[in-house]
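# Give me the fold of what follows.
(one chain, ligands or ions: 1)
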Amino acid sequence: MKPQHVLPYVFAEPIRTDRLTLRLMTEADVDDIHSYQSREDVCRYLLFESRSRDEVAAKVAQHAAATTLAADGDYLQLALELPASGDTPARVIGDSYFTLASLENSKGEIGWTLHPDFVGHGYASEAARAVLAIAFERIGLHRVVAELDPRNDASIALCKRLGMREEAYFVKDLWFRGDWGDTGMYAILREEWIARG
Ligand SMILES: CC(C)(COP(=O)(O)OP(=O)(O)OC[C@H]1O[C@@H](n2cnc3c(N)ncnc32)[C@H](O)[C@@H]1OP(=O)(O)O)[C@@H](O)C(=O)NCCC(=O)NCCS
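Down below sits the predicted model:
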């Protein structure tokens, strides 16, 4: 049966997970976000190269205004905030991406980035689960995919941790930094997400 989507989905208030707050980006986040988006190691497998502070500021302004999912191409780029603890102030440690890829095919696409200092603690998967809950439980999508560089072992491990399976391996389908690159496609269906509890 064709799924009924509950749309528009408006990101009206922050989402709290066990350890993180997912929220819209603000101008005050530019330094935190620049601290990882400026790093070549972070951007190695991303579709953009390391960004200057001005480039990050422009993107943050753009993402801050992207609050509503209603049509193909609409997206959320949410800041992952680690709350203050003792003398350590709250800070943005990464971001989560989600887009409505095709309403006709009830498909969303997910993505993730963390500051390297915060990799290895399960923060990206914790945030991704909150985003998949929006996709499947709030909006009612049928399928969510992740596209990645097949050399990106950390991202592949994250897909598998979330219950996504490898569905395709496209050979030299992408012109990437002066050469042909491959693309891996991972996916999870709504019924699989629900079955995982
Ligand atoms: C891809 C990326 C987000 C993965 O980050 P990550 O921290 O490895 O992913 P997770 O949040 O799922 O964390 C899993 C790791 O935390 C560990 N961990 C520790 N505490 C944990 C907890 N409470 N829950 C879950 N995992 C935990 C896991 O054992 C695992 O460690 P391992 O890699 O040594 O096996 C990160 O490598 C990154 O930002 N890369 C650069 C940007 C990028 O390439 N993005 C993807 C483009 S497609």
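# The spatially closest residue to residue 103 that is not a sequence neighbour: helix or strand, and which one exactly?
On the basis of C-beta to C-beta, 6 or more residues apart in numbering, the spatially nearest residue to residue 103 that is not a chain neighbour turns out to be residue 72, at 5.8 Å. Just so you know, the C-beta spots here come from the backbone N, C-alpha and C atoms, and that holds for glycine as well. Assigned by DSSP states H and E, residue 72 falls within no helix or strand.
# Next, count neighbours for residue 72.
13 (other C-beta atoms under 10 Å).
# mind listing what it touches?
Counting by C-beta atoms under 8 Å, 6 or more residues apart in numbering, residue 72 makes contact with 100, 101, 102, 103, 104.
# which one among those residues gets closest to residue 49?
Distance to residue 49 across these (C-beta to C-beta) is lowest for residue 101, with 23.8 Å.
# Could you tell me which strands sit next to the helix or strand hosting the closest one in the sheet, and their orientation?
Per DSSP H and E, residue 101 falls inside strand 91-102. For strand 91-102, the paired strands and their directions (DSSP bridges) are strand 75-82 (antiparallel), strand 107-114 (antiparallel).
# any chance of those strands in CSV, plus mean neighbour count?
Rendered in CSV, the data for these read as follows (neighbours: other C-beta atoms under 10 Å):
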stretch, mean neighbour count
strand 75-82, 22
strand 107-114, 21
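# nearest to the ligand, of these?
The ligand sits nearest to strand 107-114 of all the strands paired with strand 91-102, at 3.8 Å, using C-beta to the nearest ligand atom.
# Find the helix or strand that residue 157 is a member of.
helix 153-161.
# again, but for residue 127
With the criterion set as DSSP H and E, the secondary-structure element containing residue 127 is helix 123-133.
# does the ligand sit close to that helix?
Yes - using C-beta under 6 Å from any ligand atom, helix 123-133 reaches the ligand at 123, 124, 125.
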